[in-house]
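Novice: the sequence isn't on hand, but the structure is:
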């Protein structure tokens with residue numbers, strides 16, 4: 001199916017939503033700041049206090065500053081309806097809005113990192129609040145027991161159907177892990193390529209109704225030969241890393257974009273370079289902490305004016321560095337980007 005046929009067959013609401021969050025080429029150059037628990041923890045660390053003592057007003061104020069200053073350089077912004085709606089109103093004109101539908105984090109007392117939705121929201125309510133697209137985050141490990149993964153798969157199916165009924169695009173963010181492993185150590189680096197590839201393959205299936213997959217790169221960048229700040233005893237050569245990028249890309253049957261996974265801006269830049277060199281068919285990024293994380297201690301210690309000054313300098317530099325790598329990205333509707341679930345369902 002060519003790009004014109006894809007655009008013709010997708011529903012009008014989904015097409016409108018995807019166009020709203022894309023740039024003029026059909027590439028998604030989006031800024032992510034839907035973090036809640038993670039942002040509160042970063043602020044608490046900078047303040048030297050417990051996370052629960054950080055007031056919600058600080059999260060809202062931080063998100064507003066990021067939205068005001070960085071969205072002129074983005075095609076869209078991802079926010080949460082708990083603390084992010086004021087920031088949504090301050091985004092630059094013609095910048096699209098994605099809203100998160102999941103609760104932040106997971107209950108550590110329950111096995112499997114099971115997801116939970118925000119109780120007072122629905123896909124339709126998020127669209128009515130201004131969302132061009134709806135995003136959920138799912139921790140997923142192919143190594144989990146069949147019962148746990150069956151629950152997660154049914155959960156995604158329900159949300160896909162809900163988004164289809166509301167005629168709003170469905171972005172599924174996959175956060176990869178492996179049962180019994182720390183996510184950032186060498187042991188996980190060895191299995192991450194398979195975890196990412198198998199997860200992408202699973203959620204490309206039509207029953208999930210996913211329009212765009214948001215995924216981490218299929219290698220742990222801290223263990224890639226020559227990556228900024230990487231371990232000297234690397235796990236993958238750069239050629240091996242590129243092979244993993246290609247394999248994960250080929251497993252995708254819907255368009256996909258990369259998330260930064262809380263790595264540094266320099267490391268994410270290198271990851272996008274590898275993706276480009278590998279010929280991965282990615283359709284953009286939803287980049288969060290790699291852009292704004294270093295502004296958190298400045299905000300905590302010196303407040304919003306100092307944060308704004310930092311964002312206008314380093315923050316803009318960070319987002320422009322990411323944008324420069326998107327010359328290799330393919331439009332979400334281009335040939336080779338997979339058949340979107342919304343299209344195939346029709």
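Specialist: Nice, I can see it. None of these values were measured; they are calculated from a predicted model.

Novice: could you give me the average pLDDT of stretch 204-221?
Specialist: Across stretch 204-221, pLDDT averages out at 98.

Novice: can you give me the helices for the stretch 201-346 of the chain?
Specialist: Assigned by DSSP state H, counting those that start in this stretch, the helices in the stretch 201-346 of the chain fall at 238-251, 265-278, 289-292, 296-310, 316-324, 341-344.

Novice: deepest of those, which one?
Specialist: helix 289-292 (a mean of 26; mean count of other C-beta atoms under 10 Å). For every residue, glycine as well, the C-beta is placed using N, CA and C.

Novice: what does that one contact?
Specialist: 31, 33, 35, 38, 66, 70, 260, 262-265, 267-268, 311, 315, 318-319, 322 (C-beta atoms under 8 Å, 6 or more residues apart in numbering).

Novice: and the nearest residue to residue 35 once chain neighbours are set aside, what pLDDT?
Specialist: Distances taken as C-beta to C-beta, 6 or more residues apart in numbering place residue 288 nearest to residue 35, at 6.5 Å, with adjacent residues excluded. Looking at residue 288, its pLDDT is 93.

Novice: list the contacts of residue 207.
Specialist: 157, 160.

Novice: so which bits of stretch 55-70 are buried?
Specialist: Buried residues in stretch 55-70, defined by neighbour count with 16 or more other C-beta atoms under 10 Å: 58, 59, 61, 62, 63, 64, 65, 66, 67, 69, 70.

Novice: repeat for stretch 322-336
Specialist: 322, 323, 325, 326, 328, 329, 330, 331, 332, 333, 334.

Novice: same question for stretch 125-135.
Specialist: 125, 126, 127, 131, 132, 133, 134, 135.

Novice: now stretch 178-195
Specialist: 178, 181, 183, 188, 189, 191, 192, 193, 194, 195.

Novice: list of residues touching it?
Specialist: Under C-beta under 8 Å, 6+ apart, the answer for stretch 178-195 is 141-144, 176-177, 218-220, 222-223, 231, 235-236, 244, 247-248.

Novice: if we use 7 Å, what do you get?
Specialist: 141, 142, 143, 144, 176, 177, 218, 219, 220, 223, 235, 244 (C-beta atoms under 7 Å, 6 or more residues apart in numbering).

Novice: residue 118: neighbouring residues, count only.
Specialist: 18 (other C-beta atoms under 10 Å).

Novice: what is the most widely separated pair among the buried residues of stretch 322-336?
Specialist: Largest separation among the buried residues of stretch 322-336 by C-beta to C-beta: 322 and 333, giving 21.7 Å.

Novice: ok, back up a step: dump the buried residues of stretch 55-70 into CSV; add secondary structure, distance to residue 276 and pLDDT as well.
Specialist: Converted to CSV, those look like this (DSSP: H, G, I helix; E, B strand; the rest coil; distance: C-beta to C-beta, whole Å; pLDDT from 0 to 100):
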residue, secondary structure, distance to residue 276, pLDDT
58, helix, 37, 98
59, helix, 34, 98
61, helix, 36, 98
62, helix, 32, 98
63, helix, 30, 98
64, helix, 33, 98
65, helix, 31, 98
66, helix, 26, 98
67, helix, 28, 98
69, helix, 27, 98
70, helix, 23, 98
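
Novice: okay if I get the residues you listed as CSV plus distance to residue 160?
Specialist: Shown next, in CSV, are the buried residues of stretch 55-70 (distance: C-beta to C-beta, whole Å):
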residue, distance to residue 160
58, 34
59, 29
61, 34
62, 32
63, 27
64, 32
65, 34
66, 29
67, 28
69, 34
70, 30
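
Novice: from start to finish, how long is stretch 285-299 in a straight line?
Specialist: End-to-end span of stretch 285-299 (C-alpha to C-alpha, to the nearest Å): 25 Å.
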